[in-house]
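Undergrad: Structure, please.
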Amino acid sequence: MPDPNNADTPAPEYDMRPDAEGWTVYDTATGEPARVNGVPQTRLAFSMRTSWCMR
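TA: Numbering: from 1, shown residues only. Predicted coordinates:
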């Protein structure tokens, strides 16, 4: 796993992909689901109407 305290370590980049029950946000370098406070970001609901990127 990259060391976030090392200035030479690239910042993680994320993307979304559909999964069996919604959407997964994943690290593009590892393919692993992103985690927020230890919770994997999987099976997420996604609505264009409520998406932050549509504001």
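Undergrad: show me where this protein has strands.
TA: 14-19, 22-27, 35-36, 39-40 (DSSP state E).
Undergrad: from the ones you listed, which stretch is densest packed?
TA: Scoring these by mean neighbour count under mean count of other CB atoms under 10 Å gives strand 22-27 as the most buried, with a mean of 17. For every residue, glycine as well, the C-beta is placed using N, CA and C.
Undergrad: other SSEs contacting that one?
TA: Judged by 3 or more CB pairs under 8 Å, 6 or more residues apart in numbering; DSSP states H and E, the packing partners of strand 22-27 are strand 14-19.
Undergrad: okay, the angle between the strand it packs on and strand 22-27?
TA: Note on geometry: by axes from the mean of the first three to the mean of the last three CA atoms, to 10 degrees, strand 14-19 and strand 22-27 are set 150 degrees apart in direction.
Undergrad: average model confidence for strand 14-19?
TA: Here the mean pLDDT over strand 14-19 is 93, rounded to a whole number.
Undergrad: ok, that strand: who's next to it in the sheet?
TA: Strand 14-19 has the following strand partners under DSSP bridges: strand 22-27 (antiparallel).
Undergrad: tell me the mean pLDDT over the strand it pairs with?
TA: In this model, strand 22-27 has an average pLDDT of 94.
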